[in-house]
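Engineer: Structure for the following, please:
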Amino acid sequence: MAREFSQYRFSPRDFLKYPARHLLATVFFILSVLGPGRILLVAFWDANAFPIGLQIIFSFALGTALFSVYIFALGILGLLTELFLLLYLVPALLSGALVAFLFAVHIHPQAFESLSLVQQGLIGFLVWGLGNSFLQTFYPPTEIDSLTYHLALPKLWLKKKKMYFVPYIFQNCFPLYMAMFNNLAVKFNVDTLASSIHWLHGAALTALVFFWNPGHFDLNARLFAAACIACLPVISQSSTTPRNDVSWAFYAFLAMFIINRGAAGSLPLTLLAGLFAGFSAGSRFQGLLICFAIGVASWFSGKLNFYELLVFQGTAGLVCLPWYLRNFIWTGNPFWPLFYSAFDKTAPEDNFFAKHQAHFWRSPLDVKSWFKDFKLVWHPNFIQPAGQYFLFPLLALALFGPAFWREKDFVFLGWVGLFYIPVNLTLDEIWWRFQTGVIPAGCLLLGWLFSQGRTAPDGFFQILSWSAWIVFAPGLFERFRTFPTTLLGLRKKSDISSDARQVYLRENLNIYPVSEWINSQLPETSKILIFGNPQGYYLDRPYIDGSPKNQAILIFETMKDLNELREKLSALEITHILYFDDVGSVMSNTGLRLVEEKTMILMEGLLKECCLRLQTLNGFTVYELRSNGG
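Structural biologist: Next up, the predicted model:
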């Protein structure tokens with residue numbers, strides 16, 4: 001570490017420009033959502049019926065929900081400008097500052113000395129998990145999904161001041177309520193704010209787990225469950241990126257929390273639960289699935305009667321409806337690119353949309369693919385972030401809760417898992433982060449087992465209880481992904497002209513140097529075709545992603561020859577190509593090539609016969625597309 005530090009020098013300017021501004025932007029965001037959220041909570045619900053901790057969580061949730069709807073509306077109306085964002089932010093910040101002061105006056109934290117050694121240890125794990133992940137939000141975004149669409153789409157939309165269909169980024173049809181804040185981060189040139197916003201949702205989820213039903217879960221159980229959430233890499237690492245993997249789970253768990261707390265017989269609470277479930281469904285397709293699962297589980301476990309179930313599902317449907325209506329207007333399919341054949345009977349079987357439907361979903365009766373998936377679960381790409389083996393017992397607890405426990409909490413959570421997990425596993429790609437909606441339930445049940453086992457007379461259960469500590473092992477050995485140049489405001493002594501952010505991105509993102517070269521060397525009238533790597537966020541020139549699985553503009557499989565490809569590129573006004581040199585050898589997680597042989601032949605022929613090589617950096621080559629084709 002000392003040797004690494006010797007290569008850098010501290011830059012006060014970079015420290016103020018990056019980590020200080022990131023922290024200030026995060027504080028401003030918290031204030032901007034707390035104020036309006038508190039106003040909504042007091043206006044429509046009995047805020048004093050909740051303890052102060054829950055009031056803060058509910059205010060945060062309502063505030064973020066309202067703000068995301070506002071940004072969504074700006075995008076739809078073509079008003080996605082700095083002026084209209086500030087019109088909301090300024091009064092929201094003023095109200096938030098007052099609310100934060102009032103909350104601070106009423107908070108009376110429990111004395112740390114009154115906690116047992118075990119409880120202090122659990123708090124240590126909790127602080128480590130949240131603290132370590134928060135520090136990593138200071139890093140510039142380098143995660144592939146973030147650079148492909150979570151940040152790339154806002155950058156494109158902001159240029160036109162509106163939300164529009166981007167045919168070469170199919171993810172623009174995903175429901176993205178919680179990704180609306182990425183527009184805010186990109187517009188004010190603090191893209192790391194997008195990461196800290198999602199971290200805040202992870203922290204709120206952790207707090208919500210701790211507040212779960214103190215009457216049935218003692219302090220040991222709730223601390224263990226909260227620390228488990230904070231330390232699990234699938235939660236902690238997902239919270240450090242602009243992805244919405246944790247934020248949609250937070251809203252889903254909020255709905256479960258309110259229903260379990262006693263929404264039955266209370267129309268306002270049923271509406272509140274439906275509101276939060278709707279934001280989960282409006283933030284991710286999996287949120288729509290878990291919204292249905294929560295509703296059915298509530299009815300099966302006796303938490304809601306049939307009328308209350310209709311109110312819950314109806315409210316959730318109205319909240320998420322704008323996203324699915326937008327998709328229907330854009331594509332004729334509210335769930336695009338899923339279920340395309342159900343909405344377009346004329347689509348050929350080899351159609352791009354039909355391929356995506358097949359890529360994402362499969363029949364639950366496809367036994368062969370299920371056996372294949374049990375092998376893939378252990379593939380490095382599927383267990384990332386590392387240490388996810390511990391999720392198996394968590395998901396098992398969440399799934400089989402109704403069969404083993406009589407407590408209503410367990411029955412309700414178990415039914416949610418029972419309806420959600422099997423359907424969600426019909427996804428062809430069973431990433432761990434797709435299960436975040438039910439992981440909190442598993443952590444709660446594991447916390448309960450830990451607590452019960454410590455006082456059980458049976459030695460076996462005591463051993464089981466102490467063995468549960470191993471769940472923290474992956475999070476305990478988490479470390480910074482890279483040397484923290486942007487966190488500390490460090491510049492390299494050997495390249496004093498590059499600031500801390502540039503140093504970090506050049507060392508940790510292969511595509512960044514070539515993106516820098518394009519931005520500085522190619523004329524502003526250039527238009528780039530990216531092929532093989534869809535991370536276009538750092539490009540300042542207009543671009544189209546030509547990767548076959550990401551777009552519906554260039555359907556290589558149907559092209560007759562190289563001349564047809566050349567004509568299509570000319571029609572798209574493509575002037576240059578950014579080519580990932582190893583694209584032909586890249587394999588998917590299922591062992592199939594990401595680019596088919598015919599597509600590779602066409603692209604290699606194009607580069608050889610119609611292009612001039614300009615620059616190669618880190619395995620990426622920039623070509624100029626000759627106007628005469630030769």
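Engineer: you'd agree residue 510 is in a strand?
Structural biologist: No. Per DSSP: H, G, I helix; E, B strand; the rest coil, residue 510 lies outside any strand segment and is coil.
Engineer: Can you give me the pLDDT of it?
Structural biologist: Residue 510 is assigned a predicted lDDT (pLDDT) of 93.
Engineer: Can you point out the helix or strand that includes residue 621?
Structural biologist: Assessed by DSSP states H and E, residue 621 sits inside strand 620-625.
Engineer: hmm, who's touching that strand?
Structural biologist: With contact meaning Cβ atoms under 8 Å, 6 or more residues apart in numbering, strand 620-625 is reached by 510-511, 514, 517-518, 522, 529, 533, 569, 574-581, 607, 610-616. Heads up, the C-betas are built off the backbone N, CA and C, glycines and all.
Engineer: same deal with stretch 555-568?
Structural biologist: 350, 352, 548, 553-554, 596, 598-599, 602-603, 605-606, 609-610, 629.
Engineer: just the buried members of those residues?
Structural biologist: 352, 548, 554, 599, 602-603, 606, 610 (16 or more other Cβ atoms under 10 Å).
Engineer: among those residues, which two are most distant?
Structural biologist: The most widely separated members of the buried ones among the contacts of stretch 555-568 are 352 and 610, with 24.2 Å between them, by Cβ to Cβ.
Engineer: now residue 217: how far from residue 166?
Structural biologist: Using Cβ to Cβ, to the nearest Å, residue 217 is found at 45 Å from residue 166.
Engineer: So which of those two has more stuff around it?
Structural biologist: residue 217 (23 against 19; other Cβ atoms under 10 Å).
Engineer: tell me which element the more buried one is part of?
Structural biologist: Counting by DSSP H and E, residue 217 is part of no helix or strand.
Engineer: Now do the same contact list for it.
Structural biologist: Counted by Cβ under 8 Å, 6+ apart, residue 217 has contacts 225, 409, 444, 447-448, 451.
Engineer: Go through the residues you listed and say which is closest to residue 136.
Structural biologist: Closest to residue 136, out of all of those and judged by Cβ to Cβ, is residue 225, at 22.8 Å.
Engineer: Leaving out sequence neighbours, find the closest residue to residue 58.
Structural biologist: Closest residue in space to residue 58, ignoring its immediate chain neighbours: residue 41 at 5.4 Å, by Cβ to Cβ, 6 or more residues apart in numbering.
Engineer: residue boundaries of the strands in the stretch 401-550 of the chain?
Structural biologist: For the stretch 401-550 of the chain, applying DSSP state E, counting those that start in this stretch gives strands covering 490-492, 528-531, 543-545.
Engineer: Count the neighbours of residue 515 for me.
Structural biologist: Neighbours of residue 515 (other Cβ under 10 Å): 25.
Engineer: Tell me the pLDDT of the residue lying closest to it once chain neighbours are set aside.
Structural biologist: What sits nearest to residue 515 in space, not counting adjacent residues and going by Cβ to Cβ, 6+ apart, is residue 538, at 4.2 Å. Per-residue confidence at residue 538 stands at 96 (pLDDT).
Engineer: Now do the same contact list for residue 538.
Structural biologist: By Cβ under 8 Å, 6+ apart, the contact list for residue 538 reads 147, 505, 509, 511-512, 515-516, 519.
Engineer: Any chance of a markdown table for those residues, columns distance to residue 136?
Structural biologist: Converted to a markdown table, those look like this (distance: Cβ to Cβ, whole Å):
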| residue | distance to residue 136 |
| --- | --- |
| 147 | 16 |
| 505 | 15 |
| 509 | 15 |
| 511 | 20 |
| 512 | 18 |
| 515 | 22 |
| 516 | 23 |
| 519 | 26 |
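Engineer: Give me the buried subset of those.
Structural biologist: 147, 505, 509, 511-512, 515-516.
Engineer: Residue 66: which of those is nearest?
Structural biologist: For the buried ones among the contacts of residue 538, the closest approach to residue 66 (Cβ to Cβ) belongs to residue 147, at 28.3 Å.
Engineer: and the gap between the closest one and residue 538?
Structural biologist: 7 Å.
Engineer: element containing the residue nearest to residue 58?
Structural biologist: If you go by DSSP H and E, residue 41 is part of helix 21-44.
Engineer: can you check residue 95 too?
Structural biologist: Here residue 95 is assigned to helix 82-106, by DSSP H and E.
Engineer: That helix to helix 21-44, inter-axis angle?
Structural biologist: 70 degrees (axes from the mean of the first three to the mean of the last three Cα atoms, to 10 degrees).
Engineer: packing partners for helix 82-106?
Structural biologist: Packing partners of helix 82-106 (3 or more Cβ pairs under 8 Å, 6 or more residues apart in numbering; DSSP states H and E): helix 21-44, helix 52-77, helix 181-187.
Engineer: Deepest-packed of the ones you listed, please.
Structural biologist: helix 181-187 (a mean of 24; mean count of other Cβ atoms under 10 Å).
Engineer: Serialize the buried ones among the contacts of residue 538 to a markdown table and add fields for distance to residue 255.
Structural biologist: A markdown table is the format used below for the buried ones among the contacts of residue 538 (distance: Cβ to Cβ, whole Å):
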| residue | distance to residue 255 |
| --- | --- |
| 147 | 31 |
| 505 | 38 |
| 509 | 37 |
| 511 | 39 |
| 512 | 40 |
| 515 | 40 |
| 516 | 44 |
